[in-house]
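Q: Sequence and predicted structure, then a few things I'm wondering about:
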Amino acid sequence: MLANHGLTISDFIRMTLTTIANEGLPKYYYLPNKELLDSLQEVVDDISGKKKLPEAHSSVELEHMLNENDDETENNSPNDKNN
């Protein structure tokens, strides 16, 4: 695709880095996405007592809980052929 515009990957990276150095990051880099906002709301709800987050009492339990969440995310991915 870059070749269609007469650019190499090296050209594109150089142009991008030059733009960022001169103008800074685009504003959308500063905006939190939905996942981050939802995570922050979970923390607020936990601290306020509205809805407690699950607790892990060991590193093994924490790892198990995190892996369960990864499995759920993978099973709900848009590329999943079972959906």
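A: That came in fine, so what should we check first?

Q: what's near enough to touch Ala56?
A: Contact partners of Ala56, counting by CB atoms under 8 Å, 6 or more residues apart in numbering, are Leu62, Met65. C-beta coordinates here come from the backbone N, C-alpha and C atoms, glycine included.

Q: what's the helix or strand for Thr19?
A: Here Thr19 sits within helix 9-23, counting by DSSP states H and E.

Q: mean confidence score for the following helix or strand past that helix?
A: Past helix 9-23, further along toward the C-terminus, the next helix or strand under DSSP H and E is helix 34-48. For helix 34-48, mean pLDDT rounds to 94.

Q: what sits up against helix 34-48?
A: By CB under 8 Å, 6+ apart, helix 34-48 touches Pro32, Lys50, Lys51, Lys52, Leu53.

Q: burial of the fourth one, as a residue count?
A: Close neighbours of Lys52, defined as other CB atoms under 10 Å, add up to 10.

Q: Check the last one too.
A: Burial of Leu53 is recorded as 10 neighbouring residues (other CB under 10 Å).

Q: Repeat that for the second one.
A: Counted with other CB under 10 Å, residues neighbouring Lys50 total 10.

Q: and it, backbone torsions?
A: Lys50 adopts backbone torsions of phi -70, psi -40, taken as degrees, to the nearest 10.

Q: residues contacting Ile9?
A: Neighbour list for Ile9: Leu2 [criterion: CB under 8 Å, 6+ apart].

Q: Just checking the distance from stretch 44-63 to the centre of its chain.
A: Computed by CA atoms, centre = their mean, to the nearest Å, the chain-centroid distance of stretch 44-63 equals 20 Å.

Q: can you give me the end-to-end distance of that stretch?
A: From the first residue to the last, stretch 44-63 extends over 23 Å; the measure is CA to CA, to the nearest Å.

Q: buried residues in that stretch?
A: Counting neighbours by 16 or more other CB atoms under 10 Å, one finds that stretch 44-63 has no buried residues.

Q: quick revisit: please dump the contacts of helix 34-48 into a markdown table; it should also carry distance to Asn22 for every row.
A: Shown next, in a markdown table, are the contacts of helix 34-48 (distance: CB to CB, whole Å):
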| residue | distance to Asn22 |
| --- | --- |
| Pro32 | 25 |
| Lys50 | 45 |
| Lys51 | 45 |
| Lys52 | 48 |
| Leu53 | 43 |
